[in-house]
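Colleague: whatever this is, show me its structure:
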Amino acid sequence: MVATDEAIGLILQRVKTMAKIRTHFECQQCGYQTPRWMGRCPECGGWGTLTEERPTTEGGRGAGVRGPSPPPMPITEVQRPALTRVPTGFPEVDHTLGGGVVPGSVVLIGGDPGIGKSTLLLQIAARIAGQGRKVLYVSGEESAEQIRVRAERIGAMSPLLYLSAETRLEAIIDHGERITPDLLIVDSVQTMYAGSLESPPGSISQVREVATRLLTLSKERGTSTCLIGHVIKDGSFAGPKALEHIVDTVIYFEGDRQHAYRILRVTKNRFGSTHEIGIFEMTETGLQEVGNPSQMFLADRRQGVTGSVVVATMEGTRPLLVEIQALVAPTHASLPRRVVTGVDLHRVAILLAVLEKRLGMPLSTCDVFVNVAGGVRITEPAADLGVVAAVTSSFRNIPLDSRMVCFGEVGLTGEIRAVRHAAKRLHEAGQLGFSRCLLPEANEAGQREGREIEVVGLDTVDATMAVLFP
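Modeller: Sure thing, here's the model as predicted:
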């Protein structure tokens, strides 16, 4: 009878515990939480994005606590770490990361499906393994046999490169403790799941848990970790921003699958500068580095055509020459079209308004198309002068000097404002054989002497028109 009472008591206690466990619904795009399901997220407006999430069970986040944390200390007494870096075997990747991979860091790389993320990381894994370091490549999307076939095709075979087709986080951690790799690659983080959570793989809680525990493992053992992340329609990581806040470095792999060139762009780096890029070309044997990106972007440029100009832009610490193309055509539509690729659409709209206001160009009755050739994306305002020159050339149907390069920011009053790194831009233009450069008047001082390229300083868009169309 006593045993029966104890059994009943245990059952009642378990029922009370289960009654206390309450689920909630969480948006998979913005992280909004609500106790009940809704068809549309009130925060971001996404339809069908709310999924059921359960709280962490025993053995989850709180299971790894190992006693009290060390007491705070003055910053002057904190030991400065020796920031050693592991070269990846790709100078372009090392340049993008700031010199190589930092041991114990977590790097998140994302891009469109089929862009070449897995190929690049497999090549990096093989080159690091070729240095005598152990690499563990964990794939939740492909089998080990499929990865071997691709590795043989791109020449990424090494006895120190270990493969595992696994999706369970606990198994990945066990593999890491047995092999003790110098580099851990997870492809992809959205396919992994922690057994301590009841949520499906790819949900926000699973992505957070997997990334946090891998980050803890990397910091404790000094293992460098690369996570491949899926991106959603707007180009950001699925997760949504939780992944980017957890990791040390965020890299986007950009490009069009219809073109051979790929761009590796850093948007966050705790161990180096941001906004650096690396240029690659996709070939049958994998990704190959591009030695001279400016020459590559200008290889197919035609001379003597209207609406074409070369701009000297900066991507991080690297000068880059790209071609900006513009097409202006009359339209009878009540709302003229503005199609822009490679530069900010809102920035182009501002420049068109400046041209119409300051120069009287009737662009409100024309369709305007602006494109940066080669698939590169320009983010700095120094390309304003190039957009103005290309649009004006197409509108007047007069070609520009093919040996001319330009850069400068255009203000709302039509002034040409100074930009940084003018000397680097001029040096790159001179290396590629350009003979003339239009730049802001404030950047002209000190740039004439010792240069073979002719420097022309401009202060307003009116002065720019007088130089372009004398």
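
Colleague: and the contacts of the helix or strand hosting residue 219?
Modeller: For residue 219, the host element (DSSP states H and E) is helix 204-221. Residues from elsewhere that reach helix 204-221 (C-beta atoms under 8 Å, 6 or more residues apart in numbering): 26-28, 31, 53, 56, 60-61, 64, 104-106, 169, 172-173, 176, 180, 184, 186, 189-190, 192-194, 196-197, 199-200, 223-225, 227, 238-240, 242-243, 246-247. For the C-beta atoms, the positions are set from N, CA and C on the backbone; glycine is no exception.

Colleague: and those residues, which are buried?
Modeller: The neighbour count (16 or more other C-beta atoms under 10 Å) marks 26-28, 31, 53, 56, 60, 104-106, 169, 172-173, 176, 184, 186, 189-190, 192-194, 196-197, 199, 223-225, 227, 238-240, 242-243, 246-247 as buried among the contacts of helix 204-221.

Colleague: quick one: pLDDT of the spatially most central residue of the chain?
Modeller: Against the mean C-alpha coordinate of the chain, by C-alpha atoms, centre = their mean, the closest residue is residue 252 at 2.3 Å. We have a pLDDT of 90 for residue 252.

Colleague: hang on, it is in a helix, isn't it?
Modeller: No. Per DSSP: H, G, I helix; E, B strand; the rest coil, residue 252 lies outside any helix segment and is strand.

Colleague: roughly how far does it sit from residue 276?
Modeller: 12 Å (C-beta to C-beta, to the nearest Å).

Colleague: cool, and residue 402?
Modeller: Residue 402 is 30 Å from residue 276, by C-beta to C-beta.

Colleague: which one of the two has more residues nearby?
Modeller: The residue with more neighbours, out of residue 402 and residue 276, is residue 276; 21 against 15, by other C-beta atoms under 10 Å.

Colleague: on that earlier part again, quick one: the residue nearest to the centre of the chain and residue 112 touch, right?
Modeller: No. Here residue 252 lies out of contact with residue 112, judged by C-beta atoms under 8 Å, at a distance of 9.7 Å.

Colleague: shared neighbours, these two?
Modeller: Counting by C-beta under 8 Å, 6+ apart, the shared contacts of residue 252 and residue 112 are residue 231.

Colleague: ok, residue 32 touching residue 42?
Modeller: Yes. If you go by C-beta under 8 Å, residue 32 and residue 42 touch, sitting 6.9 Å apart.

Colleague: which of the two has more neighbours?
Modeller: Neighbours were counted for residue 32 and for residue 42 using other C-beta under 10 Å; residue 32 has more, 17 against 12.

Colleague: neighbours of residue 417, how many?
Modeller: The burial count for residue 417: 17, using other C-beta under 10 Å.

Colleague: one more: residue 220?
Modeller: Residue 220: 10 neighbours (other C-beta under 10 Å).

Colleague: so where is this protein shaky, pLDDT-wise?
Modeller: 1-22, 54-67, 232-241, 446-451 (pLDDT under 70).

Colleague: please enumerate the helices of it.
Modeller: Taking DSSP state H, the helices of the chain run over residues 2-20, 91-97, 117-129, 144-154, 169-179, 204-221, 242-246, 293-297, 345-359, 384-396, 422-431, 441-444, 461-468.

Colleague: and the gap between residue 261 and residue 314?
Modeller: Between residue 261 and residue 314 the computed distance is 19 Å (C-beta to C-beta).

Colleague: how close does residue 111 get to residue 174?
Modeller: 30 Å.

Colleague: more neighbours: those two, which one.
Modeller: Using other C-beta under 10 Å as the criterion, residue 111 and residue 174 rank with residue 111 on top: 23 against 12.

Colleague: ok, the more buried one touching residue 230?
Modeller: No. At 9.3 Å, residue 111 does not count as touching residue 230 under the criterion of C-beta under 8 Å.

Colleague: contacts only, for residue 166.
Modeller: By C-beta under 8 Å, 6+ apart, the contact set of residue 166 is 138, 139, 140, 172, 175.

Colleague: please apply the same query to residue 134.
Modeller: By C-beta under 8 Å, 6+ apart, the contact list for residue 134 reads 160, 162, 179, 180, 181, 182, 183.

Colleague: check residue 402 too.
Modeller: Counting by C-beta under 8 Å, 6+ apart, residue 402 has contacts 303, 304.

Colleague: can you list the residues that contact stretch 39-49?
Modeller: 27, 28, 29, 30, 32, 50.

Colleague: before we move on, back to that, buried stuff in the helix holding residue 219?
Modeller: 204-215, 217-218, 221.

Colleague: so how far is it off the chain centroid?
Modeller: How far helix 204-221 lies from its chain's middle: 21 Å, per C-alpha atoms, centre = their mean, to the nearest Å.

Colleague: circling back: looking at the helices of the chain, spot the one closest to residue 307.
Modeller: In terms of C-beta to C-beta, the element of the helices of the chain nearest to residue 307 is helix 384-396, at 3.3 Å.

Colleague: how about stretch 78-85 as PDB, C-alpha atoms only?
Modeller: Backbone C-alpha positions of stretch 78-85 (Å, rounded to 0.1, in the frame of the first residue of the first chain) are rendered in PDB as follows:
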ATOM      1  CA  VAL A  78      44.200  41.700 -18.100                       C
ATOM      2  CA  GLN A  79      46.800  39.800 -20.100                       C
ATOM      3  CA  ARG A  80      47.000  40.800 -23.700                       C
ATOM      4  CA  PRO A  81      46.500  37.600 -25.800                       C
ATOM      5  CA  ALA A  82      49.000  36.600 -28.500                       C
ATOM      6  CA  LEU A  83      46.800  37.000 -31.600                       C
ATOM      7  CA  THR A  84      48.300  34.300 -33.900                       C
ATOM      8  CA  ARG A  85      46.600  33.500 -37.200                       C
END
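
Colleague: tell me the contacts of residue 323?
Modeller: Residue 323 neighbours (C-beta under 8 Å, 6+ apart): 297, 298, 301, 308, 309, 310, 311, 372, 373, 374.

Colleague: against residue 230, how distant is it?
Modeller: 32 Å.

Colleague: what does the domain assignment say about this protein?
Modeller: If you go by automatic domain parsing, the domain ranges for the chain are 21-54, 84-291, 296-468.

Colleague: got CSV for the ones you listed, with distance to residue 76 too?
Modeller: Formatted as CSV, the domains of the chain follow (distance: least, C-beta to C-beta, whole Å):
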stretch, distance to residue 76
domain 21-54, 38
domain 84-291, 21
domain 296-468, 31
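
Colleague: and of those domains, who's closest to residue 75?
Modeller: domain 84-291 (17.0 Å).

Colleague: quick check, distance from the closest one to the centre of its chain.
Modeller: On the basis of C-alpha atoms, centre = their mean, domain 84-291 sits 13 Å off its chain's mean C-alpha point.

Colleague: returning to that earlier point: export the helices of the chain to a markdown table and tack on distance to residue 453?
Modeller: Below are those laid out as a markdown table (distance: least, C-beta to C-beta, whole Å):
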| stretch | distance to residue 453 |
| --- | --- |
| helix 2-20 | 74 |
| helix 91-97 | 26 |
| helix 117-129 | 36 |
| helix 144-154 | 41 |
| helix 169-179 | 54 |
| helix 204-221 | 48 |
| helix 242-246 | 41 |
| helix 293-297 | 14 |
| helix 345-359 | 25 |
| helix 384-396 | 16 |
| helix 422-431 | 5 |
| helix 441-444 | 12 |
| helix 461-468 | 15 |
